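1. The following comprises the amino acid sequence and a computationally predicted model.
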There are 4 protein chains.
Amino acid sequence: MKIKVLITGGTIDKTYKELAGELSFTETHMVDMLNRGRSMADTLSEVLFLKDSLEMVDSDRAFILDKCQACDEQHILITHGTDTMVETASYLAKSLKDKTVVLFGSMIPYSVNNSDALFNLGMALSAVQLKPSGVHIAMNGKVFDFDKVQKDKSLGIFIDA
Amino acid sequence: MKIKVLITGGTIDKTYKELAGELSFTETHMVDMLNRGRSMADTLSEVLFLKDSLEMVDSDRAFILDKCQACDEQHILITHGTDTMVETASYLAKSLKDKTVVLFGSMIPYSVNNSDALFNLGMALSAVQLKPSGVHIAMNGKVFDFDKVQKDKSLGIFIDA
Amino acid sequence: MKIKVLITGGTIDKTYKELAGELSFTETHMVDMLNRGRSMADTLSEVLFLKDSLEMVDSDRAFILDKCQACDEQHILITHGTDTMVETASYLAKSLKDKTVVLFGSMIPYSVNNSDALFNLGMALSAVQLKPSGVHIAMNGKVFDFDKVQKDKSLGIFIDA
Amino acid sequence: MKIKVLITGGTIDKTYKELAGELSFTETHMVDMLNRGRSMADTLSEVLFLKDSLEMVDSDRAFILDKCQACDEQHILITHGTDTMVETASYLAKSLKDKTVVLFGSMIPYSVNNSDALFNLGMALSAVQLKPSGVHIAMNGKVFDFDKVQKDKSLGIFIDA
């Protein structure tokens, strides 16, 4: 099973920049994470852009949708910031019916101690291989359908909608 | 969905003992790992024993089987050393038909740098919620049926049998 | 030898806040760091405040000086943000002649991967026990006199002035 | 100040080998550690051998002594297993009077969570620049003269002799 991994940014890929003294983007950690997980899954990663999901606009979502539709793979993972992950999932679900798509991210960057990134990647990579067609979100140890999930921003967790 | 987590030891739970200068068992890291993953899945963990899987004997496997059969949960995760994971999976599959069981472990202890433990836990926790009844192994980014997997000991990876 | 450890904040003690999505202060990691170093040095830590050193004003420096003068210990470690560490060292040196003071911090927070915090603490704790009276800065693998060091902000390193 | 760093093995440089399932030596982490500490000290590292210090024999100690005597540097750091660190320090001290030598190691490998390696390197690198001629041991947050220290093996700490 071939799996496309589309990288869009979000907390999961932020890195501490010591000169600026803040977290921002330089490159994705996806290949590092898959290697650390000793993954033998047939994944092909592609960086679409590296953005905080609060700064994502509709043209970004259209670009993600295009990539999902255009690629040969039927199974697609998407890394995404958590703040608008549900919104992007809904956007994709309107047009993508015949592929299995799983969005995920993390609350703590992969490069920061005690990150949930590797766990969430495991959850998502398993789900994209096992779920039927449709758009899903893998966060907080659960796999949600796109239209049955919301982020509780005060707690920082994804819950049933 | 209620999920039982049975802990049996294996590399995933080994910890460095500075006085002895070697890796051995004291306690499980399962709760730490689930908390780090910010998991909201309804899991209940139980330590059966903490053993290197090369030292596991048939009475150990019978004990695991008993626990699987006796518990109320239909969904069961089992942490296990990688060396005899396939053997235990086969043993369980003979008697367990109506529950979803997923075994997993890690090649590098959770307490050692660059561990695959958190990734494998994510893979397994997702699989135990999504797979139908049967005994499965989640390792190396894949979810295998118990009778279609083997460990390549020279490479340290699980591959199709 | 009794050593006072005065905590003032700086990058070394910043922690990622997942709800805010940024690094800020909650508490010091000093005790964790000393325990991790298995330190048996006779240290007593006190948090004065937790500030980014760019926000530190003269009344903050006067407060640090008061604490240095008032304490019984002759050997004092001070954690400090790197941006104005040299300025604070100079301020203290005007009035503190008979105690050994070593300032240090880190370029990467202790809570972020690949942090220099533990190394710098080791450098500083060694220096405060070995240097004669005076105000010093321990950063980048060197121990500088307060009036012979500057921070090169474009490179993020402390060099001879 | 030029500093020679002689690598001899010990717990500090052990790495987990996933195929063997145990900690052993492949290469030193010294350069990684110095880079992580953002060290600008003028250090030159040389691997003499990578041994558990319990397996070190007198010809190994003679080799270390030769290297200390033959090198141009007056300041020498030596990584060493903790079990016979005091013995090697005494051996060197008999013949080395005019150089500053600091031995150090760690109780937990650099590659294992919660390691004291980086802290001890900081302690030792500071001490080798600040101490007068003689052979010293930097462990547990202190710098000991070679003839005033012993390892308490039941506690795993270096204490006054």
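-> Looks like it arrived, so ask away. Residues are numbered from 1 along each chain as shown, chains lettered A, B, ... in the order given.

2. how close does the residue in chain A that chain B sits nearest to sit to B:Val102?
-> Nearest to chain B in chain A, going by CB to the nearest CB, is A:Gly122, at a distance of 2.3 Å. To be clear about C-beta, it is placed using only N, CA and C from the backbone, and glycine gets the same treatment. To B:Val102, A:Gly122 is 12 Å away according to CB to CB, to the nearest Å.

3. So if I had to pick from these two, which one is more boxed in?
-> Taking neighbours as other CB atoms under 10 Å in any protein chain shown, A:Gly122 and B:Val102 compare with A:Gly122 leading, 31 against 28.

4. Is the nearest residue to that one once chain neighbours are set aside in a helix, a strand, or coil?
-> Excluding its sequence neighbours, the residue lying closest to A:Gly122 (CB to CB, 6 or more residues apart in numbering or on different chains) is B:Gly122, at 2.3 Å. Secondary structure, DSSP: H, G, I helix; E, B strand; the rest coil: B:Gly122 is helix.

5. Could you do A:Thr88 as well?
-> Using three-state DSSP, the structure places A:Thr88 in helix.

6. can you tell me which residues contact it?
-> Shown in contact with A:Thr88 (CB atoms under 8 Å, 6 or more residues apart in numbering or on different chains): A:Ser53, A:Met56, A:Arg61, A:Ile64, A:Ile78, A:His80, A:Leu103.

7. Out of the residues you listed, which end up buried?
-> A:Ser53, A:Met56, A:Arg61, A:Ile64, A:Ile78, A:His80, A:Leu103 (16 or more other CB atoms under 10 Å in any protein chain shown).

8. I'd like the next helix or strand past whichever helix or strand the third one is part of.
-> Okay, so that is A:Arg61. Using DSSP states H and E, A:Arg61 sits in helix A:58-70. Using DSSP H and E, the helix or strand that directly follows helix A:58-70 along the chain is strand A:75-79.

9. is that following strand anywhere near chain C?
-> No: figure legend: strand A:75-79 not in contact with chain C (CB under 8 Å from any CB of the partner chain); closest approach 15.6 Å.

10. For that strand, what does the pLDDT average out to?
-> Taken as a whole, strand A:75-79 carries a mean pLDDT of 98.

11. ok, now stretch A:14-26?
-> pLDDT averaged over stretch A:14-26 gives 95.

12. Off-centre distance for it?
-> Centroid separation for stretch A:14-26 versus its chain: 20 Å, with CA atoms, centre = their mean, to the nearest Å.

13. buried stuff in it?
-> Counting neighbours by 16+ other CB under 10 Å, stretch A:14-26 gives A:Lys14, A:Thr15, A:Tyr16, A:Glu18, A:Gly21, A:Leu23, A:Phe25 as buried.

14. part of a strand, is A:Gln129?
-> No: counting by three-state DSSP, A:Gln129 is not part of a strand but helix.

15. residues making contact with the longest strand seen in chain A?
-> As assigned by DSSP state E, the longest strand anywhere in chain A is strand A:42-51. Under the contact criterion CB under 8 Å, 6+ apart, strand A:42-51 has outside partners A:1-10, A:13, A:25-28, A:30-31, A:34, A:60, A:63-64, A:67, A:73, A:77, A:81, A:125, B:141.

16. try 7 Å
-> With contact meaning CB atoms under 7 Å, 6 or more residues apart in numbering or on different chains, strand A:42-51 is reached by A:1-9, A:13, A:25, A:28, A:30-31, A:34, A:60, A:63-64, A:67.

17. Could you list the contact residues of chain A toward chain B?
-> A:36-41, A:107, A:114, A:116, A:118-123, A:125-127, A:129-131, A:138, A:140-143, A:157 (CB under 7 Å from any CB of the partner chain).

18. At the geometric centre of chain A, which residue sits there?
-> For chain A, the residue nearest the mean C-alpha position is A:Thr79 (2.1 Å; CA atoms, centre = their mean).

19. Just list what the host helix or strand of A:Met33 packs against, helices and strands only.
-> Secondary structure from DSSP H and E places A:Met33 in helix A:30-36. Packing contacts for helix A:30-36, counted by 3 or more CB pairs under 7 Å, 6 or more residues apart in numbering or on different chains; DSSP states H and E, involve strand A:42-51, helix A:117-130.

20. of all those, which gets the most neighbours per residue?
-> Scoring these by mean neighbour count under mean count of other CB atoms under 10 Å in any protein chain shown gives helix A:117-130 as the most buried, with a mean of 28.

21. so that helix versus strand A:75-79, what angle?
-> Interaxial angle, helix A:117-130 versus strand A:75-79 (axes from the mean of the first three to the mean of the last three CA atoms, to 10 degrees): 160 degrees.

22. Residues contacting helix A:117-130, please?
-> By CB under 7 Å, 6+ apart, the surrounding residues in contact with helix A:117-130 are A:1, A:3, A:12, A:33, A:36-37, A:39, A:41, A:75, A:77, A:100, A:102, A:104-106, A:110, A:136, A:138-139, A:141, A:143, B:36-37, B:118-123, B:125-127, B:130-131, B:138, B:141, B:143.

23. Restricted to buried residues, select those residues in PyMOL.
-> Here is the PyMOL command that selects only those of these that count as buried (16+ other CB under 10 Å):
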select buried, (chain A and resi 3+12+33+36+37+39+41+75+77+100+102+104+105+106+110+136+138+139+141+143) or (chain B and resi 36+37+118+119+120+121+122+123+125+126+127+130+131+138+141+143)
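
24. which among the buried residues of stretch A:14-26 gets closest to chain D?
-> Using CB to the nearest CB, A:Glu18 comes nearest to chain D of the buried residues of stretch A:14-26, at 8.6 Å.

25. Not counting sequence-adjacent ones, nearest residue to the closest one?
-> Closest residue to A:Glu18 apart from its sequence neighbours, by CB to CB, 6+ apart: C:Met107 at 4.2 Å.

26. Then A:His29?
-> Counting by CB to CB, 6+ apart, the residue nearest A:His29 is A:Tyr110, at 4.6 Å.

27. need the contact list for that neighbour.
-> A:Tyr110 neighbours (CB under 7 Å, 6+ apart): A:Ile12, A:Asp13, A:His29, A:Met33, A:Ala117.

28. Let me know the secondary structure of it.
-> coil.

29. Ok, the one 5 residues further on next?
-> The local conformation at A:Ser115, judged by three-state DSSP, is coil.

30. where does the closest residue to it other than its chain neighbours fall, phi/psi-wise?
-> Spatial nearest neighbour of A:Ser115, chain neighbours left out: A:Ile108 (4.3 Å); criterion: CB to CB, 6+ apart. Main-chain torsions, A:Ile108, degrees, to the nearest 10: phi -120, psi 130.

31. circling back: tell me which of the contacts of A:Thr88 is nearest to chain C?
-> Among the contacts of A:Thr88, A:Ser53 lies closest to chain C (CB to the nearest CB), at 10.3 Å.

32. Test my guess that the closest one contacts A:Gly81.
-> Yes: with contact defined as CB atoms under 7 Å, A:Ser53 and A:Gly81 form a contacting pair (2.6 Å).

33. Can you pull the residues that touch both of the two?
-> With CB under 7 Å, 6+ apart, A:Ser53 and A:Gly81 have common neighbours A:Gly10.

34. before we move on, the earlier item: just the buried residues of the contacts of strand A:42-51.
-> Buried members of those, scored by 16+ other CB under 10 Å, are A:3-9, A:13, A:25, A:28, A:30, A:34, A:60, A:63-64, A:67.

35. A:Gln150: what's it in contact with?
-> Contacts of A:Gln150 (CB under 7 Å, 6+ apart): A:Val86, A:Ile159, A:Ala161.

36. so who does the residue of chain A positioned farthest from its centre touch?
-> Distance from the centre of chain A peaks at A:Leu19, with 28.0 Å (CA atoms, centre = their mean). Going by CB under 7 Å, 6+ apart, A:Leu19 touches C:Gly156.

37. one step back: look up how far A:Phe119 lies from the residue nearest to A:Gly122.
-> 4 Å.
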